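Chemist: Just a sequence and a predicted model for now, questions to come.
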Amino acid sequence: MYVWICAPYFFLEFFERDLSDFVIVTSLYIDTDHPLDTDVLDVENELCSEGYIKSIYGNQYFDKKNQKIWEEQINNLNLSFQVFPANSDILTQFSFVSTANSSTYGRGHCFFVSEKLDLIIYPHGDNTGYGCFGITNKENKKALEFLVAAQNNGFSSYILSNEEIIRLEERQNASA
């Protein structure tokens, strides 16, 4: 499994030739009772109007009086996935919204999946970038190329090695 930190536009530029090979698998939803800052809100409103993201009214949707029911409702939303073909515009929008640093967003999950590249990529909702792993759980050449390119462009790249997360450069130095 590979994990890296990078900007959305670096991700989009690196995978530019492969973007049509991705699908978006998402359970993202927004709680319209807790709106975000304007920039994110504009993008997520567009994604909602096109049916890519669910919109709920949290105060009406959730039974907050009963903890067990509330947790079940959250789990149902988080596990209610939709699959859409990807293109650069949709990937850009999902990248922007999914990596937004907001305590009221980041509900549900979002994955960019390419069977052709044997990759699952997931944007982090805390402005840290993306994580990645091979679908077949083997070392993935494209993911490693991306990690090296990110590192060479000033981003911090990390890899899971022997159940420990280490900086990619430490792994490279150890194998040199």
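Modeler: Thanks, I have the structure now. These numbers were taken from a predicted model, which means no experiment stands behind them.
Chemist: alpha carbons only for contacts and neighbour counts from here, please
Modeler: Fine.
Chemist: Tell me, how many residues neighbour Tyr130?
Modeler: 23 (other CA atoms under 10 Å).
Chemist: Would you mind measuring from the closest residue to it other than its chain neighbours to Lys68?
Modeler: Leaving out its chain neighbours, the residue that sits closest to Tyr130 by CA to CA, 6 or more residues apart in numbering is Pro123, at 4.4 Å. Relative to Lys68, Pro123 is positioned 29 Å away (CA to CA, to the nearest Å).
Chemist: thinking again about what came up before, please list all residues in contact with the residue nearest to Tyr130.
Modeler: By CA atoms under 8 Å, 6 or more residues apart in numbering, Pro123 lies in contact with Ser95, Ser98, Thr99, Cys110, Phe111, Gly129, Tyr130, Gly131.
Chemist: Model confidence for it, exactly?
Modeler: Per-residue pLDDT puts Pro123 at 79.
Chemist: same question, Ser175
Modeler: pLDDT recorded at Ser175 is 66.
Chemist: Now do stretch 45-56: distance from first to last residue.
Modeler: So stretch 45-56: terminal residues 12 Å apart, CA to CA.
Chemist: can you give me the strands in the protein?
Modeler: With strands called from DSSP state E, the chain shows them at 2-4, 23-26, 29-31, 54-56, 82-85, 110-114, 119-123, 130-134, 157-161, 164-167.
Chemist: In this structure Tyr122 contacts Gly108, no?
Modeler: No: Tyr122 is beyond contact range of Gly108, at 11.8 Å (criterion: CA atoms under 8 Å).
Chemist: Nearest residue to Asn78 in space, please, no chain neighbours.
Modeler: Using CA to CA, 6+ apart, the nearest residue to Asn78 is Gly108, at 4.3 Å.
Chemist: Repeat that for Tyr122.
Modeler: The shortest distance from Tyr122 to any non-neighbouring residue, by CA to CA, 6+ apart, is to Phe111 (4.6 Å).
Chemist: show me where the protein has helices.
Modeler: Under the criterion DSSP state H, helices of the chain are mapped to 8-14, 38-49, 58-61, 67-78, 88-98, 141-152, 168-175.
Chemist: got the contact list for Val43?
Modeler: Val43 neighbours (CA under 8 Å, 6+ apart): Gln93, Val97.
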